[in-house]
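[1] sharing a model that was predicted from the sequence below.
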Amino acid sequence: MEYSYSMNGLLLQEGLTRPPLRDKVRADLLLPPAPPPVPELGVIEIIDNTFVAASASFLAISPLVMPEVVEALTRARHECLQLARLSLFNLEISRALRLEDFEHIQTQHRTRLQQFLRESWQPAIKKVPPLLLTAYP
């Protein structure tokens, strides 16, 4: 069945390229041109590399290369990594506990974590940008 479809397609394509049928069929109904042949080695031409020019234009307008911005991002990242080391749950329980005791321990841990976030971490992370902006003229 596929053979007959393929042969009909080939015969139609061949017939549309010859004068008797080609003149009777509108141009917009003809098949599109065949794609260009595939290169034997699989090599294509690459335009000149403009990395140096693109890099220079990026560096000219980007604040990400300014020393104060780099230092601010580094310090902010350091504070965030300190926060990432903390656990939301107290996982240092070495024995079986009653449910009430477990809930009490987790509540205490959550309270200490919230207190750390409010009193230590939040002021530290808010202090980074103004500190660096005053350090560099």
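    Thanks, I have it. Numbering: from 1, shown residues only.
[2] C-alpha from now on. contacts and neighbour counts both.
    Fine.
[3] quick one: contacts for the spatially most central residue of the chain?
    Per C-alpha atoms, centre = their mean, the C-alpha nearest to the average position across the chain is that of L64, at 18.3 Å. By C-alpha atoms under 8 Å, 6 or more residues apart in numbering, L64 lies in contact with V70.
[4] which parts of this structure are helices?
    2-16, 19-22, 51-61, 67-85, 99-116, 122-135 (DSSP state H).
[5] low-confidence stretches in the protein?
    21-23, 25-31, 135-137 (pLDDT under 70).
[6] who's sitting farthest from the centroid in it?
    Distance from the centre of the chain peaks at P20, with 55.9 Å (C-alpha atoms, centre = their mean).
[7] ok, that residue to E71 distance?
    As defined by C-alpha to C-alpha, to the nearest Å, P20 lies at a distance of 77 Å from E71.
[8] now do P129
    9 Å.
[9] so which of these two has more stuff around it?
    P129 (17 against 14; other C-alpha atoms under 10 Å).
[10] one step back: ok, the residue farthest from the centre of the chain to E14 distance?
    Here the criterion is C-alpha to C-alpha. By it, P20 lies 11 Å from E14.
[11] any common contacting residues for the two?
    In contact with both P20 and E14: no residue, using C-alpha under 8 Å, 6+ apart.
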